[in-house]
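J.: Got a predicted structure here, sequence first:
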Amino acid sequence: MITLRKAADRGHFDHGWLKTSHTFSFSDYYDPQHMNFRVLRVMNEDWVAPGQGFGMHPHRNMEIVTYVLEGALEHRDSLGNGEVLRPGEFQRMSAGSGIRHSEFNPSDSEPVHLYQIWLLPRTQGLTPSYEQKAFPAEEQQNRLRVVASPDARDGSLTIHQDASIYLAKLDAGKSVEHSLAAGRHAWLQVLRGTVTLNGQPLETSDGAAVSDESGLTIEATSPAEVMLFDLP
């Protein structure tokens with residue numbers, strides 16, 4: 001079963017410095033029909049204005065993954081990390097027992113376009129930790145490249161949940177396939193372009209929840225970039 005979550009149906013807010021779209025209930029957006037999908041709790045698409053950002057604030061017991069599509073994002077946290085996240089780079093922060101962080105657009109002219117993703121951890125009260133990594137473009141081209149996993153396989157980021165995240169950049173007409181083990185679920189987020197998922201069309205910023213399917217075929221109908229979550 002594939003259930004589409006169209007981009008236009010998300011919660012949309014324009015705060016001036018921040019334009020944001022929420023796939024699931026978050027902050028001032030509440031929709032009891034869209035609280036989460038499995039352990040995937042937050043899927044926010046954000047555009048942060050130049051010189052603006054999220055001030056220092058706390059989190060607990062959440063696996064937070066950030067991916068920048070355009071622009072740059074400066075990260076600082078209470079562990080002493082200070083990094084700039086650039087297009088194509090991933091950040092993983094395990095909030096665990098408690099962490100404070102800020103995310104800021106250091107540019108004086110260019111907005112930053114990013115996804116912030118939260119997954120529920122399998123264990124509460126973990127020691128907070130942070131990772132940042134870029135993956136070679138050729139490893140994502142017309143193939144699914146694992147970028148986060150519970151066992152850090154193939155050099156991926158470590159997330160403290162039985163979930164794996166894949167990224168693929170597809171040329172028009174190219175496809176990738178993914179098998180789902182019995183009892184597993186998936187979420188597909190289209191970052192750019194247009195694709196079909198087992199024949200169902202999706203456009204930029206659309207998502208799809210997948211259950212009771214043994215295999216997925218993602219085919220690009222225009223050049224596309226997608227993020228796939230394999231979930232318990």
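T.: Structure received.

J.: So for the residue nearest to the spatial centre of the chain, what's the nearest residue that isn't a sequence neighbour?
T.: The centre of the chain sits closest to residue 117, judged by C-alpha atoms, centre = their mean, with a distance of 4.4 Å. Computed as C-beta to C-beta, 6 or more residues apart in numbering, the closest residue to residue 117 that is not its neighbour in sequence is residue 65, at 4.4 Å. All C-beta atoms are positioned from the backbone trio N, CA, C, and that covers glycine.

J.: Kindly report the same for residue 37.
T.: With C-beta to C-beta, 6+ apart, the residue lying closest to residue 37 is residue 209, at 4.9 Å.

J.: and residue 186, what are its bridge partners?
T.: For residue 186, the beta-bridge partners are residue 210, residue 230 (DSSP bridges).

J.: wait, isn't it in contact with residue 231?
T.: Yes: with contact defined as C-beta atoms under 8 Å, residue 186 reaches residue 231; the gap is 6.4 Å.

J.: roughly how far apart are the residue located most distally from the centre of the chain and residue 72?
T.: The centre of the chain is farthest from one residue, residue 108, which by C-alpha atoms, centre = their mean lies 25.5 Å away. Here residue 108 is placed at a distance of 12 Å from residue 72 (C-beta to C-beta, to the nearest Å).

J.: before we move on, what about residue 193?
T.: 23 Å.

J.: what residues are up against the residue nearest to residue 117?
T.: 90-93, 116-119, 148, 157, 159, 165 (C-beta atoms under 8 Å, 6 or more residues apart in numbering).

J.: For the strand or helix carrying it, which residues meet the burial criterion?
T.: Assigned by DSSP states H and E, residue 65 belongs to strand 63-70. Within strand 63-70, the residues scored as buried using 16 or more other C-beta atoms under 10 Å are 63-68.

J.: Just the C-alphas of that strand, formatted as CSV.
T.: C-alpha atoms of strand 63-70 as CSV (Å, rounded to 0.1, in the frame of the first residue of the first chain):
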residue,chain,number,x,y,z
GLU,A,63,17.6,11.5,16.2
ILE,A,64,17.9,14.7,14.1
VAL,A,65,19.1,14.5,10.5
THR,A,66,19.7,17.7,8.5
TYR,A,67,20.4,17.8,4.7
VAL,A,68,21.2,21.0,2.8
LEU,A,69,20.0,21.4,-0.8
GLU,A,70,21.1,25.0,-1.4
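
J.: That concludes my questions; thank you for your assistance.
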